[in-house]
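> Here's my sequence, what's the structure:
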Amino acid sequence: MTTPIYEARGIVRSFGAVHALRGANFDVYPGEISALVGDNGAGKSTLVRILAGADQPNEGQIFYNGEPIHLSTPTDARRRGIETVFQDLALANHLNPIQNMYLGREVMKPGLLGKLGFMERSLMREQGKAAFTDLGATVRNFTGPVTAMSGGQRQAIAVARAAAWASEVIFFDEPTAALGVVQTKGVMDLIRRIRDKGVAVVLISHSMPQVLDVADRVHVLRHGQRVAVMESSKTNVEELVGAMTGALDGKEAA
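Numbering: from 1, shown residues only. Okay, the predicted model is just below:
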């Protein structure tokens, strides 16, 4: 394989007496879907928050394209083309899909008009619609507030927004937890399209069949450490559960 696009080595994070991460490792390669699984309390969300720049480790190092980096805020990650879709989606409910896509990244008019707060609304609308269409997102109403839309549509908006700005890596934290079968399939199809564009995808999920269906590799966390890395084509649900619960010996990658 090539050099990982994004890598964590020896990440330690404690919250008082609680040791959330105890030297956790993680890596993902360009154009790969990599899943992160583990029981509740295994450290998945803490690791993702650190890799997204939303939290900082007590110890350990993050590497981007093989070079060590420090992330002080999520903005530091976004500047490198790394986006995260958290479970709460972080959508502004009173805004429409296009406004949500450009939230905090509005395209301003050139010169004085831009300085006065005038935006290129037509340009954003055209590019936003093109981004949704390109990913096959099932968003039909671009003018209504997202609060009136279904869970699947809201999830698709959050996924498409991340994909529009991510050039390297996207993290998805339980993207289908509250969705039905049809809506889940739509989001999984979106994730595959993102992967096909060469962007690395990291999927955090409790659904083992879903993980095996969509991921290339599966990283298993237990008690704040990565205890196994498995190729999806060479493993099964029973083996993953065994690694998660400690029934199997560790298979940590070098």
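> just for the protein, where's the confidence low?
Scanning the chain for pLDDT under 70 picks out the ranges 1, 137, 248-254.
> so the residue of the chain most remote from its centre is in which element?
Of all residues in the chain, Leu112 sits farthest from the chain's C-alpha centroid, using CA atoms, centre = their mean; the distance is 37.0 Å. Here Leu112 is covered by helix 111-115, with elements defined by DSSP states H and E.
> Next SSE downstream of that helix?
Toward the C-terminus from helix 111-115 - assigned by DSSP H and E - lies helix 121-135.
> Mind listing residues that contact that next one?
97-98, 101-102, 106-107, 139, 142, 156-157, 159-160, 163-164, 190, 193-194 (CB atoms under 8 Å, 6 or more residues apart in numbering). From N, CA and C alone the C-beta is placed, and that goes for glycine too.
> Compute the inter-axis angle for the helix or strand following it and helix 121-135.
Remark: after helix 121-135, the chain's next helix or strand is helix 151-165, criterion DSSP H and E. Compare the direction of helix 151-165 with that of helix 121-135 by axes from the mean of the first three to the mean of the last three CA atoms, to 10 degrees and you get 110 degrees.
> in helix 151-165, what's buried?
For helix 151-165, the neighbour count (16 or more other CB atoms under 10 Å) marks 152-164 as buried.
> Going C-terminal from that helix, what's the next secondary structure element?
Heading C-terminal from helix 151-165 (DSSP H and E), you reach strand 169-173.
> What helices and strands are in contact with that next one?
helix 44-51, strand 82-85, helix 151-165, strand 200-204 (3 or more CB pairs under 8 Å, 6 or more residues apart in numbering; DSSP states H and E).
> Distance to Gly224 added to those, as JSON lines?
Below are the helices and strands packed on strand 169-173 laid out as JSON lines (distance: least, CB to CB, whole Å):
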{"stretch": "helix 44-51", "distance to Gly224": "8"}
{"stretch": "strand 82-85", "distance to Gly224": "20"}
{"stretch": "helix 151-165", "distance to Gly224": "26"}
{"stretch": "strand 200-204", "distance to Gly224": "15"}
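> give me the number of residues near Arg140?
Residues lying near Arg140 (other CB atoms under 10 Å) number 10.
> Wait, a helix at Asp27?
No. Counting by DSSP: H, G, I helix; E, B strand; the rest coil, Asp27 is not part of a helix but strand.
> Next one: it from Arg105, what distance?
28 Å (CB to CB, to the nearest Å).
> Same question for Arg78.
For Arg78, the distance to Arg105 equals 9 Å [CB to CB].
> joint contacts of those two?
Shared contacts of Arg78 and Arg105, defined by CB under 8 Å, 6+ apart, comprise Trp165.
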